[in-house]
Each structure stands twice: as structure tokens, then as C-alpha cells.
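Student: Got a predicted model here, sequence first, then my questions.
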Amino acid sequence: MSQETPAKPLGDFVHDILHEAETMARREPAKAVAVAFGIGLLFHVLPKRFIVSAATSTALTLLKPALLTFGIMKAAELVLASSQSKPQTGHE
């Protein structure tokens, strides 16, 4: 029987990423400054409309399959719960 690890909350995930970034910045400060400069330059050069539209279209593209998957999982849970709650009558 496999043991599944519980999903981490989003706050813990973000905290882990920030901790990892801070550790990398302390280990290699020149690389961290170069990455921050590159990201800042990219955000400055790209138009804000392009960034917002790319993020919105990506989110909306991923929303449909996510909602479909969530709906299928909930339907399966309901079917499983209703089949377990019904008493089994045997016809002999």
C-alpha cells in the first residue's frame, strides 16, 4: 500500500521558494544581482499589456481542464460515497 504525502498549502510552497532564493542570494550574490537585473530589464522592455495578456491567457487556458478534472473527481467521490452508503441486498 503506498503512502501519499499530503499536499502542502500554497503559503508553505511560497515560503520554501523564498527561502531557497534567499539561500542562493547569500551563497552567490553576484548571480542573484544579475538575475534580478535581467528580470527587471525584461519587465521594463516588455509592454505591460503583453505581460498581463500572457498571464491572463495562460490562466484561462489552464482553467478549463482544471475545472473539468475537479468536476470529474467530485462526481467520482459522490458515486463512490453513494455506493458505499447503500445497503447491499442480495437476491437469492
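Tutor: That came in fine, so what should we check first? Computed from a prediction, not measured in an experiment: that's the story for all the values here.
Student: switch to C-alpha atoms for all contacts and neighbour counts from now on
Tutor: Will do.
Student: Residue 8 in helix, strand or coil?
Tutor: coil (DSSP: H, G, I helix; E, B strand; the rest coil).
Student: how many neighbours does it have?
Tutor: The number of residues packed near residue 8 is 8, by other CA atoms under 10 Å.
Student: For it, give me its contacts.
Tutor: Not one residue lies near residue 8 by CA atoms under 8 Å, 6 or more residues apart in numbering.
Student: what's the spacing between it and residue 62?
Tutor: Distance, residue 8 to residue 62, by CA to CA, to the nearest Å: 21 Å.
Student: what about the protein, any weak spots by pLDDT?
Tutor: 1-7, 86-92 (pLDDT under 70).
Student: give me that answer again for 50
Tutor: 1 (pLDDT under 50).
Student: Show me where this structure has its helices.
Tutor: Ranges of helices in the chain, per DSSP state H, are 10-27, 29-45, 48-85.
Student: now the ones you listed as a markdown table including mean neighbour count?
Tutor: Below are the helices of the chain laid out as a markdown table (neighbours: other CA atoms under 10 Å):
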| stretch | mean neighbour count |
| --- | --- |
| helix 10-27 | 12 |
| helix 29-45 | 12 |
| helix 48-85 | 11 |
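Student: Which residue ranges make up the domains of the protein?
Tutor: Following automatic domain parsing, the chain resolves into domains at 9-45, 47-85.
Student: how long is the first one from one end to the other?
Tutor: Looking back up the chat, that one is domain 9-45. With CA to CA, one end of domain 9-45 sits 34 Å from the other.
Student: now it: how far from the chain's centre is it?
Tutor: Centre-to-centre, domain 9-45 and its host chain are 19 Å apart (CA atoms, centre = their mean, to the nearest Å).
Student: for the longest one, same thing?
Tutor: Relative to the chain's own centre, domain 47-85 is displaced by 11 Å; criterion: CA atoms, centre = their mean.
Student: CA atoms only for stretch 37-44, dumped as CSV, please.
Tutor: The C-alpha trace of stretch 37-44 is given here as CSV (Å, rounded to 0.1, in the frame of the first residue of the first chain):
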residue,chain,number,x,y,z
PHE,A,37,18.7,42.9,-13.1
GLY,A,38,17.7,40.7,-16.0
ILE,A,39,14.2,40.2,-14.7
GLY,A,40,13.9,43.9,-14.1
LEU,A,41,15.1,44.7,-17.6
LEU,A,42,12.7,42.2,-19.1
PHE,A,43,9.8,43.8,-17.3
HIS,A,44,10.9,47.2,-18.3
